[in-house]
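*Asks:* Let me see the structure of the following:
(chains A and B)
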Amino acid sequence: GAVVSQHPSWVICKSGTSVKIECRSLDFQATTMFWYRQFPKQSLMLMATSNEGSKATYEQGVEKDKFLINHASLTLSTLTVTSAHPEDSSFYICSARFFRTSVYNEQFFGPGTRLTVL
Amino acid sequence: SQQGEEDPQALSIQEGENATMNCSYKTSINNLQWYRQNSGRGLVHLILIRSNEREKHSGRLRVTLDTSKKSSSLLITASRAADTASYFCATAGYQKVTFGTGTKLQVIP
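*Replies:* Below is the predicted model of the structure:
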């Protein structure tokens, strides 16, 4: 099956620093990648949708200047949390969709990155 | 915004019993997926059912989809202690996948 990886698996950083999280589709090309956030004991919430070569589309309430998304290639998308604060501590999960048009919108999820901001 | 609502929110059963979780959604979908998540861990994909399918099986899992009622159910038969986890339904429209609120399942040995 399709494999999506994330790096790093977890990261601890100081308040005010920026953190970059990578999402890679390992064995397929993904025109679209999605970023989700999950706070403790809550469900996953979609943050943004990124299409290769174009600007990301952010969900309502998500600050685009704080969560920078770059989707420079068909296999890599990055999420940078800028000037991170403790309230940004969360579990960040990406997903990727096949390059070929998929009527059924099948997406494959990465294992997630746990961010802790001190 | 949350697309799917799941019930029950939490469920506790004895090992060997069956567990049923339900998911209701609001808009039309292309597919619906079920995921398991152990505490503090990533998602494990369980099963995907497409909008033109009504039932699907995978091992001890049985998923049904009723698009007229905009609902799906996940049945885990002969539950095991290792099935203890949170279970989420995720509905896929044309572009987005949105997750339900989740059901926390506890299987008591």
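*Asks:* Contact residues of chain B facing chain A?
*Replies:* Counting by Cβ under 8 Å from any Cβ of the partner chain, the residues of chain B lying close to chain A are B:2, B:30-31, B:35, B:40-43, B:45, B:48, B:50-51, B:88, B:90, B:92-102. Where C-beta positions appear, they are placed from N, C-alpha and C, glycine not excepted.
*Asks:* Helices - which of those residues land there?
*Replies:* Judged by DSSP state H, the subset of the residues of chain B next to chain A located in helices is empty.
*Asks:* Please pick the buried ones from those residues.
*Replies:* Neighbour-count burial within those applies to B:2, B:30-31, B:35, B:42-43, B:48, B:50-51, B:88, B:90, B:92, B:96-102; the criterion is 16 or more other Cβ atoms under 10 Å in any protein chain shown.
*Asks:* who in chain A is up against chain B?
*Replies:* Taking Cβ under 8 Å from any Cβ as the measure of proximity, chain A contacts chain B at A:32, A:34, A:36, A:43-46, A:49, A:93, A:95, A:103-112, A:114.
*Asks:* Give me the subset of the residues you listed lying in strands.
*Replies:* Those of the residues of chain A next to chain B mapping onto strands are A:32, A:34, A:36, A:44-46, A:49, A:93, A:95, A:107-109, A:114, per DSSP state E.
*Asks:* Between those residues, which sits nearest residue A:18?
*Replies:* Of all these, the one sitting nearest residue A:18 is residue A:114; the distance, using Cβ to Cβ, is 16.8 Å.
*Asks:* who's in contact with the closest one?
*Replies:* In this structure, residue A:114 makes contact with A:9, A:10, A:11, A:90, A:91, A:92, B:40, judged by Cβ atoms under 8 Å, 6 or more residues apart in numbering or on different chains.
*Asks:* Just the buried ones from the residues you listed?
*Replies:* Of all the contacts of residue A:114 considered here, the ones buried according to neighbour count by 16+ other Cβ under 10 Å are A:11, A:90, A:91, A:92.
*Asks:* so how far is chain A from residue B:9?
*Replies:* Using Cβ to the nearest Cβ, to the nearest Å, residue B:9 is found at 11 Å from chain A.
*Asks:* Oops, could you answer that again for residue B:16 instead?
*Replies:* Taking Cβ to the nearest Cβ, one finds residue B:16 at 28 Å from chain A.
*Asks:* how many neighbours does residue A:68 have?
*Replies:* For residue A:68, the count of nearby residues is 16 (other Cβ atoms under 10 Å in any protein chain shown).
*Asks:* From the rest of the structure, what touches the helix-or-strand element of chain A with minimal mean pLDDT?
*Replies:* The helix or strand of chain A with the lowest confidence, counting by mean pLDDT, DSSP states H and E, is strand A:107-109 at a mean of 84. Strand A:107-109 is contacted from outside by A:1-4, A:25, A:34, A:93-97, B:35, B:42-43, B:45, B:92, B:97, using Cβ under 8 Å, 6+ apart.
*Asks:* could you redo the last one with a cut-off of 10 Å?
*Replies:* Applying Cβ atoms under 10 Å, 6 or more residues apart in numbering or on different chains, the external contacts of strand A:107-109 come out as A:1-4, A:6, A:23, A:25-28, A:30, A:32-34, A:36, A:44, A:93-98, B:31, B:33, B:35, B:42-45, B:48, B:90, B:92, B:96-97.
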